[in-house]
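In: 3D model of this:
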Amino acid sequence: MSTLTNLKRPRPPQPPFSPPATSPTLGQLLKNVGDVIREATGNGSETPVHQGLELGSTNLEVPRSIPFVLSFKKLTYSVKVRRKFKFPAILPSRNIHRLGAATDTDPVGGESLFTTTKTLLNDISGEARDGEILAVLGASGSGKSTLIDALANRIAKGSLKGTKTLNGEVLESRMLKVISAYVMQDDLLFPMLTVEETLMFAAEFRLPRSLSKSKKRLRVQALIEQLGLKNAAKTVIGDEGHRGVSGGERRRVSIGIDIIHDPIILFLDEPTSGLDSTSAFMVVKVLQRIAQSGSIVIMSVHQPSYRILGLLDRLIFLSRGHTVYSGSPMNLPVYFSDFGHPIPENENRTEFALDLIRELEGSPGGTRSLVEFNKSWQDLKHSRNGGSEPDRGGLSLKEAISASISKGKLVSGATNNDAISPNSMVPTFANPVWIEMAVLSKRSFLNSRRMPELFGIRLGAVMVTGFILATMFWQLDNSPKGVQERLGFFAFAMSTTFYTCADALPVFLQERYIFMRETAYNAYRRSSYVLSHGLVVLPSLIFLSLAFSATTFWAVGLDGGLSGFLFYFLIIFASFWAGSSFVTFLSGVVPHVMLGYTIVVAILAYFLLFSGFFINRDRIPDYWIWFHYLSLVKYPYEAVLLNEFQDPAKCFVRGVQIFDQSPLGEVPTSLKLQLLESMSNTLGTKITSSTCLTTGADILQQQGITDLSKWNCLWVTVAWGFLFRILFYISLLFGSKNKRR
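Out: Residues are numbered from 1 along each chain as shown. Sure thing, here's the model as predicted:
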């Protein structure tokens, strides 16, 4: 009675499938999918949104079952790895030809003295059908996740060999993105959003814009019921510092995000990893319901329990990239009995199979015998079936997707009114750029509002820095000493605005994998994320700029009155904008926070060094002058100097003050007056104690600030910010493909 056969429920017989007599184009169907209505049935009940989408008038006779078969043949994937030299290094490893061993490599072209080619997938073939769960099993390093990535098109083009077809037609990358979803192994979620909010934002991204807000909310509520998350709907996701939902609930939320649009194909990388047996069973039970709704579900799993095995329809066992079994769980006893290793009656079949595979991997012959036996087994099974292809009801892929959408599959972008060409059957994105920006901005504001301590810490840092500078440079006068102290204040104030922007570095690094997951399957455009990110930071930058400006301007005694203050505020804001954009760009190219902080501190130090404060432009060597013009600190520093010293009527050095910064500064005033008289006689110009000797223009000339006006310096600083935002977009465009090489 312990056999698994009793746990398997046969699928109910389906009526024969007949293709539609007159099939509308897929574009026509897609344009009507968004017109969802909840109509009363004959008994007065209502049809939930997740069960069906009513179309307008079409000539398509919707069948009860739309068959989908995803087939893959001879998938092979290899990577180059560094050789591990052993003494003597020129001798090959004795185990290099042992199939299934850890050192297994296939000598493919491209090897060198320092690299070798390791085959991660080797001629993997199989198929997955709608209504079923295909599970890929194997020990760690067997190639489970690699196979899932290969099927989900997460391996760079040209690196993967073999064919993938859906209903016999080659499955192109763009089409796969639209009709499928991929659930990562890690639960990448915003910690301060509730379960309901997380799924609602996913609905805003993935469901067509023609669906009203209320209908999207109905879809979310139905999905919450389907996932068994009703009791946790109002609970935040949580993280290390905030208590939230359980691990199993987090995993079901992750699945819900990617099935909100009811994809035709669902890929999952070890969805039960890290869960207890009960939570793992509930997750797979949810996946079974998703499959029975007409989806193809393909998942990797390390070692399923007895109860989970009863929910699986097809299995593929891998060993070091080779297939050692492919078929139904019910055939495992016969398979291993024919192989000469019968499964004991009361033992978990998958545990036995995995233990045997590990034992063979450690043997001198490896798993070669089991691989060859599987090939013979598959050939025999194929010959018994007559080599016939599975019945697909005579539908082409386009017709099958059309019929599937008409049944209620909420394919992303289904209501885009653009014409759909034969080469591009479905729109890429569900919403236009402005809607994506609005949803992204709303989510960012909501997440930030629930973590006010982050902005509070940044505001506190700016206020404390401003207070220290204000007290250190309190009410500077117009003496030569006051001029020097002003220069120092401006240099440190401008560099401070850039250094305090370094806290923006972890923001995208923390969101990076969420961003990669969402954009991998076209939840929104990268350009929408960059534009939204730039808009979201503006309010906080304005507030920080106002706080810093108000703290320092009048306390230091800067010149210009209200107009001077307004420009001072604008240049502080521009500095924050440029610094934030610079750090945001770095967050798109550095791999982790500590490296990013190191780079930020080093580069900003160079910016300050070449800004013109420590060494004037005229004294910078020609081979370093380019760094002077690339310095982000240079332009705001020059702008505040121009703002302070632009008044030609203001004098900073009069008469005897000329001696204050020289060794004669301590001599009696009478002697200074005598020296002035001697200087007057020599120069032929009368110089008295009230004669203005240095104006603001003279100070600017001494500092080498003659190229740009203060407004031009402001615009250059703002332009730097936009340039780094563009570079951030480029880094996302080429650096976040989330594909294996």
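In: quick check: which element contains the closest residue to Val640 other than its chain neighbours?
Out: By the measure of Cβ to Cβ, 6 or more residues apart in numbering, the closest residue to Val640 outside its immediate chain neighbours is Phe490, 4.8 Å from it. C-beta: built from backbone N, CA, C; applies to glycine. Per DSSP states H and E, Phe490 falls inside helix 480-499.
In: who's in contact with that helix?
Out: By Cβ atoms under 8 Å, 6 or more residues apart in numbering, the surrounding residues in contact with helix 480-499 are 465, 469, 472-473, 476, 548, 552, 556, 558, 572, 575-576, 578-579, 582, 601, 604, 607-608, 611, 613, 632-633, 636-637, 640-641, 644, 652-653, 657-658, 660-661, 694, 699, 703.
In: okay, buried residues for it please.
Out: By neighbour count on 16 or more other Cβ atoms under 10 Å, the buried set for helix 480-499 is 480, 483, 485-487, 489-499.
In: the contacts of helix 480-499, buried ones only, as a ChimeraX selection?
Out: Of the contacts of helix 480-499, the buried ones go into a single ChimeraX selection, burial set by 16+ other Cβ under 10 Å:
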select :465,469,473,476,548,552,556,558,572,575,576,578,579,582,604,607,608,611,613,632,633,636,637,640,641,644,652,653,657,658,694,699,703
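In: distance between the helix holding Phe490 and the chain's centre?
Out: 39 Å (Cα atoms, centre = their mean, to the nearest Å).
In: what is the mean pLDDT for that helix?
Out: Regarding helix 480-499, the rounded mean pLDDT is 90.
In: in PDB, list the C-alpha atoms belonging to the helix or strand just after it.
Out: Helices and strands here follow DSSP H and E; after helix 480-499, the next one along the chain is helix 505-520. What follows is helix 505-520, C-alpha atoms only, in PDB (Å, rounded to 0.1, in the frame of the first residue of the first chain):
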ATOM      1  CA  LEU A 505      24.900  53.400  -3.000                       C
ATOM      2  CA  PRO A 506      23.100  50.400  -1.100                       C
ATOM      3  CA  VAL A 507      19.700  51.400  -2.400                       C
ATOM      4  CA  PHE A 508      20.000  49.900  -5.900                       C
ATOM      5  CA  LEU A 509      22.400  47.200  -4.700                       C
ATOM      6  CA  GLN A 510      19.600  46.000  -2.400                       C
ATOM      7  CA  GLU A 511      17.000  46.300  -5.200                       C
ATOM      8  CA  ARG A 512      19.300  44.900  -8.000                       C
ATOM      9  CA  TYR A 513      18.000  41.300  -8.000                       C
ATOM     10  CA  ILE A 514      14.400  42.500  -7.600                       C
ATOM     11  CA  PHE A 515      15.000  44.700 -10.600                       C
ATOM     12  CA  MET A 516      16.600  41.900 -12.600                       C
ATOM     13  CA  ARG A 517      13.700  39.500 -11.800                       C
ATOM     14  CA  GLU A 518      11.100  42.000 -12.800                       C
ATOM     15  CA  THR A 519      12.700  43.200 -16.000                       C
ATOM     16  CA  ALA A 520      13.800  39.700 -17.100                       C
END
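In: quick check: the gap between the residue nearest to Val640 and Gly612.
Out: Distance, Phe490 to Gly612, using Cβ to Cβ, to the nearest Å: 10 Å.
In: can you check Ser444 too?
Out: For Ser444 relative to Gly612 (Cβ to Cβ), the value is 37 Å.
In: pull the CA atoms of stretch 657-671 into PDB?
Out: Written as PDB, here are the backbone C-alpha positions of stretch 657-671 (Å, rounded to 0.1, in the frame of the first residue of the first chain):
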ATOM      1  CA  GLN A 657      45.300  94.900   5.600                       C
ATOM      2  CA  ILE A 658      47.600  94.100   2.800                       C
ATOM      3  CA  PHE A 659      50.200  93.100   5.500                       C
ATOM      4  CA  ASP A 660      47.900  90.800   7.500                       C
ATOM      5  CA  GLN A 661      48.900  87.700   5.700                       C
ATOM      6  CA  SER A 662      52.700  88.500   5.700                       C
ATOM      7  CA  PRO A 663      55.500  88.600   8.400                       C
ATOM      8  CA  LEU A 664      54.800  92.300   8.800                       C
ATOM      9  CA  GLY A 665      51.300  91.600  10.100                       C
ATOM     10  CA  GLU A 666      52.500  92.000  13.800                       C
ATOM     11  CA  VAL A 667      54.300  95.300  13.400                       C
ATOM     12  CA  PRO A 668      52.700  98.500  14.800                       C
ATOM     13  CA  THR A 669      50.100 100.300  12.600                       C
ATOM     14  CA  SER A 670      52.200 103.400  12.500                       C
ATOM     15  CA  LEU A 671      55.000 101.500  10.800                       C
END
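In: pLDDT on that stretch, on average?
Out: 74.
In: which residues touch the helix or strand containing Ile290?
Out: Assessed by DSSP H and E, Ile290 sits inside helix 277-292. Contacts to helix 277-292, defined as Cβ under 8 Å, 6+ apart, come from residues 130-133, 226-228, 246-248, 251-252, 255, 259, 266, 268, 271-272, 275, 297, 299, 304-305, 307-308, 311-313.
In: what does stretch 159-174 give?
Out: 67-79, 121, 123-124, 150-151, 153, 157, 265, 389, 392, 395-397, 400, 424, 428, 740-741.
In: quick one: buried residues of it?
Out: The neighbour-count check on stretch 159-174 (16+ other Cβ under 10 Å) flags Leu160, Lys164, Leu166, Asn167, Leu171 as buried.
In: now stretch 510-525
Out: In stretch 510-525, counting by 16+ other Cβ under 10 Å, buried: 511-512, 515-525.
In: stretch 676-683 now?
Out: In stretch 676-683, counting by 16+ other Cβ under 10 Å, buried: Leu676.
In: alpha carbons of that stretch, as CSV, please.
Out: Extracted in CSV, the C-alpha atoms of stretch 676-683 (Å, rounded to 0.1, in the frame of the first residue of the first chain):
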residue,chain,number,x,y,z
LEU,A,676,52.2,102.4,2.6
GLU,A,677,53.5,105.9,2.1
SER,A,678,56.8,104.5,0.7
MET,A,679,54.8,102.2,-1.6
SER,A,680,52.7,105.2,-2.8
ASN,A,681,55.9,107.1,-3.7
THR,A,682,57.3,104.2,-5.5
LEU,A,683,54.2,103.3,-7.5
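In: that one - what's its average pLDDT?
Out: Averaging pLDDT along stretch 676-683 yields 77.
In: same question, stretch 344-352
Out: 88.
In: got the contact list for it?
Out: 2-4, 137, 303-306, 309, 315, 329, 332-333, 336, 343.
In: only the buried subset of these, as a ChimeraX command please.
Out: Filtering the contacts of stretch 344-352 down to the buried ones (16+ other Cβ under 10 Å) takes a single ChimeraX command:
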select :4,137,303,304,305,306,309,315,329,332,333,336,343
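In: nearest to Ser145 among the contacts of stretch 344-352?
Out: The closest of the contacts of stretch 344-352 to Ser145 turns out to be Leu137 (Cβ to Cβ; 12.0 Å).
In: mind listing what that closest one touches?
Out: Leu137 neighbours (Cβ under 8 Å, 6+ apart): 144, 300-304, 315-318, 350, 353-354.
In: hmm, try it at 7 Å
Out: Applying Cβ atoms under 7 Å, 6 or more residues apart in numbering, we find Leu137 in contact with Val301, Leu315, Phe317, Thr350, Leu354.
In: which of those residues fall within strands?
Out: Among these, the members falling in strands (DSSP state E) are Val301, Leu315, Phe317.
In: for the residue most central in space within the chain, give its distance to His592.
Out: For the chain, Phe515 is the residue whose C-alpha lies nearest the centre (Cα atoms, centre = their mean; 2.3 Å). Per Cβ to Cβ, Phe515 is found 16 Å from His592.
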